[in-house]
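K.L.:
Build me a structure from this.
(2 chains)
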Amino acid sequence: MLNGIPSLETKKLGLWYGHFQALRDISVAVPRNQIMAIIGPSGCGKSSLLRCFNRMNELILGSRVEGEVLFDGANIYAPGVDPSEIRYRIGMVFQKPNPFPKSVYDNVAFGPRVNGFAGNLDEIVERALVRAALWDEVKDQLRKSAMQLSGGQQQRLCIARALALEPEVILMDEPCSALDPVATLKIEDLMRSLVQDYTIVIVTHNMQQAARVSDMTAFLMMAEDRAGVLVEYGPTSQVFTTPKDSRTEDYITGRFG
Amino acid sequence: MARDTSFHRRLMVRRLKGGLAGSLFFLAILSGILVLIVLLADVLIDGIGWLDWQFITSYPSRRPESAGILAALAGTIWIMALTGLFSFPIGVGTAIYLEEYAADSRLRRFIQTNISNLAGVPSIVYGLLGLGLFVQFLAMGRSILAGALTMTLMSLPVVIISAQEAIRSVPEAHHRGAYALGATRWQVVRHIVLPGALPGILTGTILSMSRAIGEAAPLIAISALVYMTFLPVSPLDRFTVLPIQIFDWVSRPQENFQGLAAAGIIVLLVVLLTMNAIAIFLRNHYQKSVEE
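P.N.:
Down below sits the predicted model:
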């Protein structure tokens, strides 16, 4: 029944931090089981847009959203919608790996626990770690502190932590920017395998990464008043080979940004 | 190579200045430590002869040979236990509210400024407040309860400020990570903020207790006893504490009482060091459980 409508969609989305407009008039649709990459120069509002998808912007004082963000066709900013429910169904992975100072097991079990999951936690934890391609590396040390893992392992742990809630969408905010090339490739492979079951939105600075992993690409830029605006949105192959807007071409070919 | 000689001359001057600065700093720390050593040695020499089991287990007496510190020691322990019991939850609760719940309003900044100022108010002022509020207005009398509440008022600003600092040291990234998993604000506080801040909170609380333990002024203001020959058995009993007992002995002319005072100071120091040791132990213990 949901197959016809996009997993996530923004309609004339605007975002304000106090008197500063950070995003203006953004309309994009993320198709189900695809990866959408958000690219653009620093400060253009890529991460802000990503945070609109799970209402994380609300943690920033004085932020305000206008327009709509539809998740399976329903506006997540409608009155009466609890942000905890949205974040339960839409997972997020951050730029810097941020495991909690707890054991590997407790990190993965955190989401199910706070959301009142009553079933077999061991099973959930194992499944999430397997899915995040980390199980083989940590299965004998689930009680070890997550802080002792390598950077790449920590980021996969954070992905496992998000997967443990079996979300429908995963948002990733430059998930590889703090990782070395080998760890980056692992995460990219993982994303390609995850997209069979999930819808993924990724913010990235890395043009090659966007070209390698994403199906759709949204290119954002700063307008005169420093608000982020959508310049171009389309299938990645088209955006990267035959961009419609000359600014997209300039950015992709490295002429600015 | 004129440039080289002038460079080397200047380099020597620079090194000399550096050495001089280092020696001055060493002198600064030396003067502090020397004074402390002299004080400790003086107290130990005067008091060690009086310090025995009889001293610990006896009530004060007109005759120095049979005088002891039991009532004051019991009173200090009572006051500390109750002060900790009151100031820990109130202080930590206030800190959590200010850091995690309160919006950044003018009211919040006003409260924050006042807390900082209250930390600098002389302790005798708290004593007078306690006398007016707890002893007289709330009719608690000159009881342990009134004394502990007065000490709570005095300790609270420091407990709050150190708890706030501990809470602020929990990385924002951990907050965000927990929120992104659907945690509510209380769950973030309970499972992320408190475990991370606990070592700092405990250290701050115990250190402010140690400060309170040596305070005589606020309790003199609410008239704790100086001559007490029974053990308090309930929070509504009258009491005395170590610093008051020591103060009483010091102010007597006979030399034997000076010895008693020194012995009392040793007991006070032991209680104090024990509490600091507990603080360090707790901090290390919880820090380890957080980092492992």
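
K.L.:
How about the residue nearest the centre of chain A, nearest residue that isn't a chain neighbour?
P.N.:
Centroid-nearest residue in chain A: residue A:171, 1.6 Å away (criterion: CA atoms, centre = their mean). Using CB to CB, 6 or more residues apart in numbering or on different chains and skipping residues adjacent in sequence, the residue nearest residue A:171 is residue A:92, 4.5 Å away. No exception for glycine: its C-beta is placed from N, CA and C like everyone else's.

K.L.:
element containing the one you found, please.
P.N.:
In the assignment (DSSP states H and E), residue A:92 maps to strand A:90-93.

K.L.:
for whichever helix or strand residue B:7 is part of, packing partners?
P.N.:
Taking DSSP H and E as the definition, one finds residue B:7 inside helix B:2-47. For helix B:2-47, the packing partners by 3 or more CB pairs under 8 Å, 6 or more residues apart in numbering or on different chains; DSSP states H and E come out as helix B:255-291.

K.L.:
Who are the packing partners of the helix it packs on?
P.N.:
Counting contacts by 3+ CB pairs under 8 Å, 6+ apart, the secondary-structure elements packed against helix B:255-291 are helix B:2-47, helix B:53-57, helix B:70-96, helix B:194-213, helix B:242-250.

K.L.:
ok, now which ones touch the residue of the stretch 101-250 of chain A found nearest chain B?
P.N.:
Per CB to the nearest CB, residue A:111 is where the stretch 101-250 of chain A lies closest to chain B, at 4.0 Å. Counting by CB atoms under 8 Å, 6 or more residues apart in numbering or on different chains, residue A:111 touches A:88, A:161, A:162, A:164, A:165, B:181, B:182.

K.L.:
Number of residues surrounding residue A:229?
P.N.:
A total of 17 residues lie near residue A:229 under the criterion other CB atoms under 10 Å in any protein chain shown.

K.L.:
which residue sits closest to residue B:214, ignoring its sequence neighbours?
P.N.:
residue B:243 (5.7 Å).

K.L.:
tell me the contacts of that neighbour?
P.N.:
Shown in contact with residue B:243 (CB under 8 Å, 6+ apart): B:213, B:214, B:215, B:216, B:219, B:268.

K.L.:
Let me know the average pLDDT across the helix holding residue B:7.
P.N.:
Averaged across helix B:2-47, pLDDT comes to 91.

K.L.:
Check stretch A:70-82 too.
P.N.:
In this model, stretch A:70-82 has an average pLDDT of 92.

K.L.:
neighbouring contacts of that stretch?
P.N.:
Here stretch A:70-82 makes contact (CB under 8 Å, 6+ apart) with A:2, A:5-11, A:53-55, A:65, A:68-69, A:86, A:89-90, A:168-169.

K.L.:
end to end, how far does it reach?
P.N.:
14 Å (CA to CA, to the nearest Å).

K.L.:
Within range of chain B, give me the residues from chain A.
P.N.:
Residues of chain A lying near chain B by CB under 8 Å from any CB of the partner chain: A:54, A:56, A:59, A:61, A:84-85, A:87-88, A:91-92, A:94, A:96, A:98-102, A:110-111, A:114-115, A:144-145, A:147, A:158, A:161-162, A:165.

K.L.:
Please tell me I have it right and residue A:229 contacts residue A:26.
P.N.:
Yes. Residue A:229 is within contact range of residue A:26, at 7.3 Å (criterion: CB atoms under 8 Å).

K.L.:
helix/strand/coil for residue A:167?
P.N.:
For residue A:167, the assignment made with DSSP: H, G, I helix; E, B strand; the rest coil gives coil.

K.L.:
Quick check: neighbours shared by residue A:229 and residue A:26?
P.N.:
Taking CB under 8 Å, 6+ apart as the contact rule, the neighbours common to residue A:229 and residue A:26 are residue A:220.

K.L.:
Measure how buried residue B:127 is and give me the count.
P.N.:
Residue B:127, neighbours per other CB under 10 Å, totals 26.

K.L.:
Give me the distance between it and residue B:218.
P.N.:
Residue B:127 sits 3 Å away from residue B:218, going by CB to CB, to the nearest Å.
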